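Asks: got a predicted model here, sequence first, then my questions.
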Amino acid sequence: MLFRMLAISFLFLMASCSSVLSQEMLGTVLGNYAGINSVQLNPAAMHGSKQWLDIQLVGADFSLQNNYMYLSKEEFIFWDVFKPGFILPSHDEEYGSEVRNFYRYDNPTRKQFFINLRLNGPGAMLIWKDHAFGITSAVRSVSSIRKLPYDLANFMYLGLNYKPQQNIDYQSDKRFGLTHMTWFEVGLSYAYKVYARGFNRLDAGLSVRKLFGLTALYTIVDNIDYMVLDDSTMQVNNLDASYGFSLPIDYTDHGAGSITDPLVAGGGWGFDLGVTYTRLKKQHQFQYIDRLCEQQYEDYLYRVGVSLIDIGGIKFKHRAQSYAIDNQSSYWENLTHFDFATVDQLMDTISYRFYGDPNATYGGDKFTLWLPSALSLQFDYHYHANWYVNASLILPFQLSKVSLARPALLALTPRYESRWFDVSLPISLYNWYQPRVGLAFRLYILTIGTEKLGPFLGFSNFNGMDFYFSLKIPFEKGVCKRRKSGYCPAYE
C-alpha cells in the first residue's frame, strides 16, 4: 500500500509544481556583478558588488534531477522537443504490457528525485557607504523524493506485476520520504561593513523573508517491512510513517473541485545570515562622496564567505491534514481494483485497513513544513585582471524530519567578467554522485545559464536538466551621470 500512497502523492506533487515557474543559479549569484542575486547564497555578499544600485526585473530557474530513470542520449537530446511532430522515444519492458518512455538505472542505490523551481519577481539592492540594503520577491517550489529504496521505486514505476521482486520480504529501517512545498516570499536584506582597516574587510549580512504557503505535501517513512505476493496482493508486516498535505482541491468532491479561498494556506518566516572576509589589494580608505554613484569599488585578492540559508518554515492551517501510522500491519487484496472517489475516502480507507478505524490515523488540521536549510561556504579568488575562480560548497541539513530536501553541491567556477560581458563555467559535483559541467553568459542586463550542459548537447543521458536566466538594470560604482548630459567617472 505504501508504494501506492507514494505514487498518489507524487502525482499531487507534480500537479502542484507544474503551475509555477532551484538549483543554485551559480551564473547569477556569484561574481562582482551578481548584485541583488548574491543574497540567495550569502546576504553579506552585497558589499562585494561593483554596483551601487541593482534593480531586478525578473528571473527564473528550473532544475530537475534523478538517479532512477533516463532517456538515452542516442535516442533523445533536449532540442528534439522543438521539432514538428515530436514524440518521446519508447520501448517495451520485459514485464508488463505497457510501453515505457524511460530506461532505469538498474542498481540497488537508493533513489533521489529533485525538482526545484524559482521565479524571481521585482527586487533591488542599494549600497550606501558602510550599509547595503536589499529587497526581494519570489515564487518558489521545491519537491523531492529522498533515499527511496530501489524495490519501491520499481513497484511505483513498473507496477506490482514486476515478477523479479514478488514474494520477497523487503525491509527498510532507514528514513526515506517525499516532500513538496510551493510558496511566495518577500524579503529584506541588510549588510554592514563590520571592520575595514588596512587590507582587511569583514562584512556581515542578514535576510528576513515573510513566507506565504500555497501548497504542501509530505510522506515520511521511518520503517517498512512488506511483501508483494502477486500482481494484486500485498502484505505489509510493519509500517511506521507520517504523512500530510495542504492542496488547492476539495477533498470531498472527487479531488477535482478547485478552491481559492483562501489562496494562502499557511505562513511563516525564513532567514539567511552570513559573513564575508575580503583581503583587499589596496588599503581601505574612507570615501567622501556627495552622490551614491561616486562610491568606489574595492578590488581584492580573495574573499571567504560563510552563510546559513533557508532557515525557517511555514505552518499550514488551511486545507491542512496530517496523519500517522505507528508500527501497524495490513493485508491488501485486489489492489489493482482499488479505487477511491475522494481524497477523504482514500485517507479513511488507509486508516481502516491498518487500524480497523477510519479516523485512527488522523493527527490534526495543521502541520509545519521546514525550508531546505543549508550551510554555504564560498571562496572567490581574483586570479588576474578580469579572471576569477570561485569555489562553493552547499551542505544541506534538516531542522525537522518534515523538511524540504536540498541536494549537496560542490562547485568550482572559473569566470571572466567585465562591465558589459561575463562568462562562467561551473564544474560541479551534484549530491556527491554526479559530476556536471555548466555554462553561463551575461550580456550587460541579461544572464542566461545552465549548470548541466550535457543534455542540451547530447553528451549525456537525459536524467534531468537545469536552466536559469536573470534580467536586471545595473548602476556601476564610480560612474555618475553629469548633471547636464553624458557620463563621467567619479573621483575619490
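Replies: Right, received. Where do you want to start?

Asks: what lines up beside the helix or strand containing residue 222 in the sheet?
Replies: Element membership of residue 222, judged by DSSP states H and E, is strand 200-230. Sheet pairing for strand 200-230, assigned by DSSP bridges, gives strand 170-172 (antiparallel), strand 176-197 (antiparallel), strand 233-246 (antiparallel), strand 266-280 (antiparallel).

Asks: residue 474: which of those is closest?
Replies: Smallest distance to residue 474 across those (CB to CB): 17.0 Å, for strand 176-197. The C-beta positions use only the backbone N, C-alpha and C, and glycine is treated the same way.

Asks: in that closest one, what counts as buried?
Replies: Counting neighbours by 16 or more other CB atoms under 10 Å, one finds that the buried residues in strand 176-197 are 176-187, 189-191, 193-194, 196.

Asks: what do you get for stretch 129-137?
Replies: Going by neighbour count (16+ other CB under 10 Å), the buried part of stretch 129-137 is 132, 134, 135, 136.

Asks: who are the contact partners of the closest residue in space to the second one that isn't next to it in sequence?
Replies: Once its chain neighbours are removed from consideration, residue 134 has its nearest residue in residue 189; the separation is 3.5 Å (CB to CB, 6 or more residues apart in numbering). Taking CB atoms under 8 Å, 6 or more residues apart in numbering as the criterion, residue 189 is in contact with 39, 43, 46, 125, 132-136, 205-208, 272.

Asks: nearest to residue 309, of those?
Replies: Distances from residue 309 to these, taken by CB to CB, are shortest for residue 272, at 4.7 Å.

Asks: my read is that the closest one contacts residue 305, right?
Replies: No: counting by CB atoms under 8 Å, residue 272 does not reach residue 305; the two are 11.8 Å apart.

Asks: need the residues touching each of the two.
Replies: Residues touching both residue 272 and residue 305 (CB under 8 Å, 6+ apart): residue 42.

Asks: name the helix or strand for residue 309, please.
Replies: strand 300-316.

Asks: next one: that strand to chain centre, how far?
Replies: Centroid displacement of strand 300-316 relative to its chain, using CA atoms, centre = their mean, to the nearest Å, is 14 Å.

Asks: stretch 430-443 now?
Replies: With CA atoms, centre = their mean, you get 15 Å for stretch 430-443.

Asks: got the contact list for that stretch?
Replies: With contact meaning CB under 8 Å, 6+ apart, stretch 430-443 is reached by 26-28, 33, 65, 67, 112, 114, 407-410, 417, 420-429, 447-454, 466.

Asks: run the last query once more with 6 Å
Replies: With contact meaning CB atoms under 6 Å, 6 or more residues apart in numbering, stretch 430-443 is reached by 27, 407-408, 422-424, 426-429, 448-453.

Asks: quick revisit: and the residue nearest to residue 134, what are its bridge partners?
Replies: Residue 189 has these beta-bridge partners by DSSP bridges: residue 134, residue 207.

Asks: if I look at it, how far off is residue 126?
Replies: Applying CB to CB, to the nearest Å, the value for residue 189 to residue 126 is 10 Å.

Asks: repeat that for residue 396.
Replies: According to CB to CB, residue 396 and residue 126 sit 31 Å apart.

Asks: for residue 430, same thing?
Replies: For residue 430 relative to residue 126 (CB to CB), the value is 34 Å.

Asks: what ranges do the strands span in the stretch 1-150 of the chain?
Replies: Along the stretch 1-150 of the chain, the segments classed as strands by DSSP state E, counting those that start in this stretch run 51-66, 69-70, 91-92, 99-100, 103-104, 111-120, 123-128, 131-148.

Asks: so what's the nearest residue to residue 452 once chain neighbours are set aside bridging to?
Replies: Of all residues beyond its chain neighbours, the one nearest residue 452 is residue 466 (4.2 Å), with distances taken as CB to CB, 6+ apart. Beta-bridge partners for residue 466, by DSSP bridges, are residue 63.

Asks: likewise for residue 270?
Replies: Taking DSSP bridges as the rule, residue 270 bridges to residue 209, residue 312.

Asks: and for residue 114?
Replies: Applying DSSP bridges, one finds that residue 114 bridges with residue 65, residue 144.

Asks: counting neighbours, what do you get for it?
Replies: 22 (other CB atoms under 10 Å).

Asks: do I have it right that it meets residue 144?
Replies: Yes: contact criterion CB atoms under 6 Å: residue 114 and residue 144 qualify, at 4.9 Å.

Asks: residue contacts, residue 321?
Replies: Counted by CB under 6 Å, 6+ apart, residue 321 has contacts residue 244.

Asks: may I have the secondary structure class of it?
Replies: Following DSSP: H, G, I helix; E, B strand; the rest coil, residue 321 is assigned to strand.

Asks: measure it to residue 216 for me?
Replies: Residue 321 is 11 Å from residue 216, by CB to CB.
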